[in-house]
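In: Mind looking at a prediction? Sequence and model below.
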Amino acid sequence: QVQLVESGGGSVQAGGSLRLTCAASGRVFDNNPMGWFRQAPGKEREFVATVSSLGVATDYTSSVKGRFTISRDNAAKTVYLQMNDLESEDTAVYYCAASLDGNWPRRLLSEYNYWGQGTQVTVSS
């Protein structure tokens, strides 16, 4: 059984930083692209960032480029999302996801097979 557990969310002021962590358990991880998505109130879940199986390649949605950094530690089965210079528009529930398909990049919700329960990020202006 695969489990993804996010942590690190919280409330910060605009301009602040947070680091989200996704801990994976089960057979999936080393060979799988991982991603972060978010869902704001009243909006659809959207792609934020993805990292390739070995952590060599990354991809971001345009609104977070230069502010967010995705990384992974395969030995620890952990994925991180470092979020700097946060804006009120970043307020959302953030979800970690794992894809069983090794193709790259992975930007669509339908390309991911396992999801965490989400962690709330609130940015006040």
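Out: All right, it came through fine. Predicted model only: the values in this text are computed from it and were never measured. Residues are numbered from 1 along each chain as shown.
In: Could you report the neighbour count for the nearest residue to Ser124 once chain neighbours are set aside?
Out: Spatial nearest neighbour of Ser124, chain neighbours left out: Gln13 (5.5 Å); criterion: Cβ to Cβ, 6 or more residues apart in numbering. The way it works is simple: take the backbone N, C-alpha and C, and place the C-beta from them, glycine included. By other Cβ atoms under 10 Å, the residues close to Gln13 number 10.
In: and Gln13, what is it in contact with?
Out: By Cβ atoms under 8 Å, 6 or more residues apart in numbering, the contact set of Gln13 is 123-125.
In: Of those, which is the nearest to Ser99?
Out: Ranked by distance to Ser99 (Cβ to Cβ), the contacts of Gln13 are led by Val123 at 27.5 Å.
In: Who are the packing partners of the helix or strand where that closest one lies?
Out: Val123 belongs to strand 119-124 when elements are defined using DSSP states H and E. Secondary-structure packing of strand 119-124 (3 or more Cβ pairs under 8 Å, 6 or more residues apart in numbering; DSSP states H and E): strand 10-13, strand 18-25, strand 92-98.
In: rerun at 7 Å
Out: strand 10-13, strand 92-98 (3 or more Cβ pairs under 7 Å, 6 or more residues apart in numbering; DSSP states H and E).
In: now those strands in a markdown table, with distance to Arg107 and mean pLDDT?
Out: Listed next are the helices and strands packed on strand 119-124 as a markdown table, based on distance: least, Cβ to Cβ, whole Å; pLDDT from 0 to 100:
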| stretch | distance to Arg107 | mean pLDDT |
| --- | --- | --- |
| strand 10-13 | 26 | 98 |
| strand 92-98 | 11 | 97 |
